[in-house]
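A.B. asks: below is the sequence, then the predicted model.
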Protein chains: 2
Amino acid sequence: MPDDQRALAIDAETALAHAPPGHKDELRLWLRLLTCTALMESEIRTRLRRDFDTTLPRFDLLAALDRVPGGITLGEVSRRMMVSNGNVTGLATRLVAEGLVERRALPGDRRAQLLRLTAKGRREFARQSAAHEGWIAELLDDLSPSARSTLFALLGRAKASVRAALSPEDPA
Amino acid sequence: MPDDQRALAIDAETALAHAPPGHKDELRLWLRLLTCTALMESEIRTRLRRDFDTTLPRFDLLAALDRVPGGITLGEVSRRMMVSNGNVTGLATRLVAEGLVERRALPGDRRAQLLRLTAKGRREFARQSAAHEGWIAELLDDLSPSARSTLFALLGRAKASVRAALSPEDPA
DNA sequence: AGAATTTAGTTTAGGCTTCAAAGATTGGGC
DNA sequence: GCCCAATCTTTGAAGCCTAAACTAAATTCT
């Protein structure tokens, strides 16, 4: 191991912070956003696997269903989770196989199906989400309440900016 | 291991029992962070595919290599990208096949290999990163400079909080 | 030196994800 | 009633990703 190249483990965002000045504010902001999210997300995934032998997408799907006792269609899940519908098909299949979710016909439209938590699914999600909530609180524990609320607000503005850039442009 | 510090290292069930109210704030912050990142990331992926027929992981690997002309080892790439080493193996194989990256022996350590951009890889990454930078600026365009810099700073604090929670406890 | 440990990288199995194409159903217009 | 376009879902191919087991090489210990 060459001592001159002795590099501490640095992520992409940290690396860039040292190199170019000036112009690239937005880029640095984006990389930090990405790093921060990835760091938390990866820890959440690890703990979901370790403590519940499950995955983040499965947890997210349960969470989506938990909010609507009557159940929602696959398409609706797809929109809420911001993933493709083909993705939801496979995810649902696995969760049905595990007995956490059930598929039901949607009365009046034979194309669509409702997904709904089973009793077991509700119990399981209750356990998981309680732990999940604690993990998030733990990870963000060093952030003061005021920092938290400012961050929340600014992320709202960032989100709005992105949505504005993505929305169909104003027809003249 | 210090057992008296166990209060912070909550396991699933205790977390449930002890969770005081107020954790919902952190949860909402986390969900917004996740949504915001996912929204941008998904757009970036779409554009990378549309305009350059490539993917975000490929782009990220090129970016990591572009910063270090001499090349870096697979393991170093893995650390910087915060992904598993097995992942880097496959990614590198594909990029080598496309002629954008080359593998070289690391003098003095026959276990390790250096990854380095080829001339073609450098050209290609220059094109991609210019576009990429423009996209980010476009998406975050509605954010004022002061909002941007505050957001950047707060994300830094969030990141520090997460790292603190994850770092090996008590250096007694 | 020789054994034990650590480190670099690959492989494998399984799951996640997207896109594009196809199957099924609905609803509107003729 | 019939066709057509839109909607809901599935399928298949390709790539991304991790954990865990494994090989090979370097380092450390004795």
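C.D. replies: All right, it came through fine. Numbering: from 1, shown residues only, chains lettered A, B, ... in the order given.
A.B. asks: quickly find the element holding the spatially closest residue to residue A:148 that is not a sequence neighbour.
C.D. replies: Leaving out its chain neighbours, the residue that sits closest to residue A:148 by CB to CB, 6 or more residues apart in numbering or on different chains is residue B:29, at 5.7 Å. For glycine as for every other residue, the C-beta is placed from the backbone atoms N, C-alpha and C. When elements are assigned from DSSP states H and E, residue B:29 belongs to helix B:23-52.
A.B. asks: tilt between that helix and helix A:25-52?
C.D. replies: Orientation check (axes from the mean of the first three to the mean of the last three CA atoms, to 10 degrees): helix B:23-52 against helix A:25-52 gives 120 degrees.
A.B. asks: run the chain-centre distance for the helix or strand just after helix B:23-52.
C.D. replies: Sequence-wise, the next helix or strand downstream of helix B:23-52 (DSSP H and E) is helix B:56-66. Centroid displacement of helix B:56-66 relative to its chain, using CA atoms, centre = their mean, to the nearest Å, is 10 Å.
A.B. asks: what about stretch A:45-62 and chain B, any contact?
C.D. replies: Yes. Residues of stretch A:45-62 contacting chain B under CB under 8 Å from any CB of the partner chain: A:51-52.
A.B. asks: tell me the mean pLDDT over that stretch?
C.D. replies: Averaged across stretch A:45-62, pLDDT comes to 96.
A.B. asks: just the buried positions in it, please.
C.D. replies: Across stretch A:45-62, burial judged by 16 or more other CB atoms under 10 Å in any protein chain shown covers A:47-48, A:51-52, A:54, A:57-62.
A.B. asks: how about the longest strand along chain A as CSV, C-alpha atoms only?
C.D. replies: Longest strand in chain A, counting residues (DSSP state E): strand A:109-117. Extracted C-alpha coordinates of strand A:109-117, given in CSV (Å, rounded to 0.1, in the frame of the first residue of the first chain):
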residue,chain,number,x,y,z
ASP,A,109,-63.4,-3.0,-13.0
ARG,A,110,-62.0,-6.3,-13.9
ARG,A,111,-58.7,-4.9,-15.1
ALA,A,112,-57.7,-3.7,-11.7
GLN,A,113,-57.0,-5.3,-8.4
LEU,A,114,-56.9,-4.0,-4.9
LEU,A,115,-54.0,-4.7,-2.6
ARG,A,116,-54.7,-4.8,1.1
LEU,A,117,-52.8,-5.7,4.3
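A.B. asks: re the thing from before, packing partners of the helix holding residue B:29?
C.D. replies: helix A:25-52, helix A:119-139, helix A:145-166, helix B:56-66, helix B:119-139 (3 or more CB pairs under 8 Å, 6 or more residues apart in numbering or on different chains; DSSP states H and E).
A.B. asks: closest to residue B:157 out of these?
C.D. replies: helix A:145-166 (5.9 Å; CB to CB).
A.B. asks: the residue nearest to residue A:166 when sequence neighbours are not counted - how many residues pack around it?
C.D. replies: Distances taken as CB to CB, 6+ apart put residue B:43 closest to residue A:166, at 6.3 Å, once the chain neighbours are dropped. Other residues lying near residue B:43 total 17 when counted by other CB atoms under 10 Å in any protein chain shown.
A.B. asks: could you pull up the residues touching residue B:43?
C.D. replies: A:162, A:166, B:135, B:139 (CB atoms under 8 Å, 6 or more residues apart in numbering or on different chains).
A.B. asks: how much space between the third one and residue B:44?
C.D. replies: This points to residue B:135. Residue B:135 sits 6 Å away from residue B:44, going by CB to CB, to the nearest Å.
A.B. asks: one more: the last one?
C.D. replies: The gap separating residue B:139 from residue B:44 is 8 Å, by CB to CB.
A.B. asks: residue A:90 too?
C.D. replies: 24 Å.
A.B. asks: higher neighbour count, residue B:139 and residue B:44?
C.D. replies: residue B:139 (22 against 18).
A.B. asks: the more buried one touches residue B:40, doesn't it?
C.D. replies: Yes. Using CB atoms under 8 Å, residue B:139 is in contact with residue B:40, at 5.7 Å.
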